[in-house]
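Undergrad: requesting a structural model of the entry that follows:
(chains A and B)
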Amino acid sequence: MMHFNLPFSKADLCSLRAGDEVLISGTVYTARDQAHKRLCAAIDAGEPLKVDLRGAVLYYTGPSPARPGRICGSAGPTTSSRMDKFTPKLLRATGLFAMIGKGSRNDEVIQAMRETGSVYFAAAGGAGAYLAKCITGVKIICYEDLGTEAIRELTVKDFPLITAIDSYGGSLYS
Amino acid sequence: MKEISCSVIKEGVKALCAKAAFTLPGDVLLLLERAEKKETLSRAKNLLHVCIKNAEIAHSEKMPVCQDTGSAVFFVEAGNMVKITGGLLTDAIQEGTREGYTSHYLRSSVINDPVFTRQNTKDNTPAVIHFFPVEGDTLKIILAPKGGGSENMSQIAMLSPTGGREAVEDFVIHTVISAGGNPCPPLIVGVGIGGTFEYAALLAKKALLRTPAGSPSPESRYAGLERTILDRINERGSGPQGLGGRTTALAVHIEYYPCHIASLPVAVNMNCHAARHAELIL
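TA: Sure, this is the predicted structure:
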């Protein structure tokens, strides 16, 4: 098991291979379908993004609402392949370092990951209550009108992940 | 006639929303525990262990088993000796869903218009409700919250009527394996065979509700087909989360119905390992 304090360095990403199990601590940003659509529309329009994705980790999740007195509701990964049509653009335009989701990615995403040296991690799908135990802070950053699909900054502690596709294109799905 | 008031139904549905979201049914948990023991690949074993721990945390802390608390899908069996008072049954169920999802901090995942506005309704309504008239003086309401990830991987095919068992097996297995890790395996695979285009899909959904999960079809030929498909799926090694292992499916349930001479409809409705459902009998 490898431990990483975020942000990742390029050397961290290069050291990871598909199959490596890791625990990450630090800041990740949530984004799913509608947030991806808006981020890519902003890139296309040449507008500044409302979140700085340089060196960042994106987590594809839409948490359930937090009960009063709790930090976060359940927050497991959603299906990553729905983000595939946006991901190459984000990787090339923003300097995004890593993504967390569930399920495989298409060839265009893997090609962009190899070009940019980024990594895709799988979190345990359907284990949102378990994963929420590793979330110690939640803050909405932008697109609040999207509700659960807003971009949130999550602070995580020892968040468990499996390196599913590495920066060399090595994949657990192939 | 037995009278049941809409306010009782609404309160019952409200409680059902919480029960279904927070508590993984014991039969599904048992299948996960058995699968964990059988897995030899450590990554797969660990992932199954996480599913089991997740269910424990969700139940004890009143957290949703999965953040995707689903579309609220209801199967309602209304006895012919039951009279609903104080309004319409469908309104009572919708109102119970609205209050259940909001008051128990469940995620609202339903949008009002699929193509144009896609505005979140913010209370997870409208629910999808299937009514079945039955004999008797009870009202049975089953809630099966259905997550988007596994629903998206579901498929229907109108196969050649001469394709027979082999064509059915191949279609179901292809559907499950090509879904990979997207629907959160290990899965319960619901298969509806026969009827018409839409009826096969309903049968597949109904198949997901079989209890206990993993029990065989009462018809021996279909029970044999279920076993064969389950074995062939798990031989492929896709595993929990599609990351390798022998547990890609926990169970295959088939429901069937007579159909047209020209047709062999087959629908595959997948459920993730968080195969939630809860029932209320009034």
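
Undergrad: how about residue B:229, nearest residue that isn't a chain neighbour?
TA: Among residues not flanking residue B:229 along the chain, residue B:252 sits closest, at 4.8 Å (C-beta to C-beta, 6 or more residues apart in numbering or on different chains). Glycine gets a C-beta too; all of them are placed from N, C-alpha and C.

Undergrad: residue boundaries of the strands in the stretch 1-150 of chain B?
TA: Secondary structure of the stretch 1-150 of chain B (DSSP state E, counting those that start in this stretch): strands located at B:2-5, B:71-79, B:82-85, B:128-134, B:139-146.

Undergrad: deepest of those strands, which one?
TA: Ranked by mean neighbour count, the strands of the stretch 1-150 of chain B are led by strand B:139-146 with a mean of 23 (mean count of other C-beta atoms under 10 Å in any protein chain shown).

Undergrad: which elements pack onto that strand?
TA: helix B:6-22, strand B:71-79, strand B:278-281 (3 or more C-beta pairs under 8 Å, 6 or more residues apart in numbering or on different chains; DSSP states H and E).

Undergrad: interface residues of chain A facing chain B?
TA: Chain A comes close to chain B at residues A:19, A:21, A:34, A:61-67, A:73-76, A:78-79, A:81, A:102-104, A:122, A:124-130, A:132-133, A:146-148, A:160, A:162, A:164, A:172-173, as judged by C-beta under 8 Å from any C-beta of the partner chain.

Undergrad: give me the mean pLDDT for the top strand by length along chain B.
TA: The longest strand of chain B (DSSP state E) is strand B:249-259. What strand B:249-259 shows for mean pLDDT is 98.

Undergrad: among the residues of chain A next to chain B, which ones are in strands?
TA: Checked against DSSP E, those include these in strands: A:21, A:122, A:160, A:162, A:164.

Undergrad: could I get the strands of the stretch 1-150 of chain B as TSV with mean pLDDT?
TA: Converted to TSV, the strands of the stretch 1-150 of chain B look like this (pLDDT from 0 to 100):
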stretch	mean pLDDT
strand B:2-5	97
strand B:71-79	97
strand B:82-85	97
strand B:128-134	97
strand B:139-146	98
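
Undergrad: hey, which helix is longest across the chain?
TA: Picked chain A for this. helix A:33-44 (DSSP state H).

Undergrad: correction: the question concerned chain B.
TA: helix B:42-61.

Undergrad: what comes up buried for that one?
TA: Residues of helix B:42-61 classed as buried: B:43-52, B:54-55, B:57-59 (neighbour count, 16 or more other C-beta atoms under 10 Å in any protein chain shown).

Undergrad: stretch A:141-148 now?
TA: Under 16+ other C-beta under 10 Å, the buried positions of stretch A:141-148 are A:141, A:142, A:143, A:146, A:147, A:148.

Undergrad: list buried residues within the residues of chain A next to chain B.
TA: Using 16+ other C-beta under 10 Å, the buried ones in these are A:34, A:61-66, A:73-76, A:78-79, A:81, A:102-104, A:122, A:124-130, A:132-133, A:146-148, A:160, A:162, A:164, A:172-173.

Undergrad: in helices only, show me those.
TA: Among these, the members falling in helices are A:34, A:128, A:129, A:130, A:132 (criterion: DSSP H).
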